[in-house]
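>>> coords please:
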Amino acid sequence: MSGDEQLTLRSRLTELSRVPQWLEQVGSQHGIPADTQFSIDLCLEEVLANIILHGYAGNPDRTIVVRYRTLPKSFVFIVDDEAPPFNPLDGPQTTTATYDEMQVGGLGIHLLRQFAQSIEYESTPSGNRLSLGFAASD
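Model prediction:
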């Protein structure tokens with residue numbers, strides 16, 4: 001594995017504004033295409049917002065760590081938190097709602113599955129670890 005970038009966030013929604021700039025720096029340094037950066041940003045912000053709002057229930061003094069790893073054919077982002085265990089892979093596989101039937105919320109897992117090529121969840125002794133993989137161009 002190469003590339004070991006890390007972003008540590010406090011559990012506040014205002015911290016999400018730090019993600020795009022960090023991602024742009026990582027993307028520039030590691031050759032992540034702009035369209036892939038868009039997908040990564042969308043997924044990370046969804047995951048991080050859910051951790052802050054639901055996992056930490058709005059407690060502003062918790063920590064979330066996002067790490068970046070380059071693997072031979074993918075860009076991997078790993079999110080570690082200390083919230084109660086929650087495996088997003090246990091959610092429904094698809095959404096059958098039409099645009100008119102969709103409600104705000106509840107589509108985050110669907111978005112992850114649409115934009116990330118791989119999603120791995122691990123319960124850790126201190127909380128959760130979610131790894132999101134995005135294909136690197138050949």
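>>> contacts and neighbour counts: CA atoms only from here.
Noted.
>>> for the most centrally placed residue in the chain, pull up the helix or strand it's in.
For the chain, the residue nearest the mean C-alpha position is Leu44 (3.0 Å; C-alpha atoms, centre = their mean). Using DSSP states H and E, Leu44 maps to helix 34-50.
>>> so what touches that helix?
Residues from elsewhere that reach helix 34-50 (C-alpha atoms under 8 Å, 6 or more residues apart in numbering): 13, 16, 19-20, 23-24, 27, 64, 108, 111-112, 115-116, 134.
>>> need these in a markdown table with distance to Ala34 and pLDDT, can you?
Below are these laid out as a markdown table (distance: C-alpha to C-alpha, whole Å; pLDDT from 0 to 100):
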| residue | distance to Ala34 | pLDDT |
| --- | --- | --- |
| Leu13 | 24 | 95 |
| Leu16 | 19 | 97 |
| Val19 | 15 | 97 |
| Pro20 | 11 | 97 |
| Leu23 | 10 | 97 |
| Glu24 | 9 | 96 |
| Gly27 | 8 | 96 |
| Ile64 | 25 | 98 |
| Gly108 | 21 | 77 |
| Leu111 | 18 | 86 |
| Leu112 | 18 | 92 |
| Phe115 | 14 | 94 |
| Ala116 | 15 | 96 |
| Phe134 | 12 | 97 |
